[in-house]
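Q: For reference, the sequence and a predicted model appear below.
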Amino acid sequence: MATTARVTPGTHNPSISAQTVRNRLREAGLRACRPVVRQVLTTHHRQQRRLWAQTHRRWTRQDWQKVLFTDESRFCLTRGDGRIRIYRRRIECYTEACTLKQDRFGGGGSVMVWGGVSQHHRTELVVIAGNLNAVHYREDILLPHVVPPSSRLILT
């Protein structure tokens, strides 16, 4: 804010205080907030999402009852929250200029967790140690938390 005040000449005053800049931004309906973080989607990602939606658009409630939705998330424990501030109007929250693109998590000091939900059930929250690869996913997540004991012979 002080940098903006220093480099912006005033009409009657050659120097403008940071507080004046904040006041004028507020008067214009702009407020300081953190940008929305969104994933970078390639054209291929968009095509795959559209294809998936078209394939499943006629599914019934009974079809969806058989589905287990799963996801994993990595939580960073060591880095700061990256308190980047932007000034925007309330309705501008998802505009290109007001979002922060983020490809992936990086660095150490993080924990990854996995979980799943379906219409009538949910899995335990599984803390994943180290990197998640196909073998680790099958042995430590799918077999103990998703696949019924009677079906385990098929996967092994």
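A: That came through, no problem.

Q: Can you pull out the low-pLDDT segments for the protein?
A: Residues of the chain meeting the criterion pLDDT under 70: 1-14, 77-83, 101-109, 151-156.

Q: Now do the helices in it.
A: Along the chain, counting by DSSP state H, helices occupy 2-7, 18-27, 43-56, 61-65, 134-137, 143-145, 152-155.

Q: Tell me which of those lies nearest to Q119.
A: helix 61-65 (4.8 Å; Cβ to Cβ). No exception for glycine: its C-beta is placed from N, CA and C like everyone else's.

Q: Pull the residues that contact that closest one.
A: 118-120 (Cβ atoms under 8 Å, 6 or more residues apart in numbering).

Q: repeat that for 10 Å
A: 56, 118-120 (Cβ atoms under 10 Å, 6 or more residues apart in numbering).

Q: about what we covered before: quick one: closest of the helices of the chain to R90.
A: Checking the helices of the chain against R90 by Cβ to Cβ gives helix 18-27 as the closest, at 12.6 Å.

Q: Pop the domain breakdown of this protein in here.
A: 1-33, 35-155 (automatic domain parsing).

Q: Kindly reformat those as CSV containing mean neighbour count.
A: Formatted as CSV, those follow (neighbours: other Cβ atoms under 10 Å):
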stretch, mean neighbour count
domain 1-33, 12
domain 35-155, 11
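
Q: Restricted to strands, list the contacts of helix 61-65.
A: Among those, no residue falls in strands (DSSP state E).
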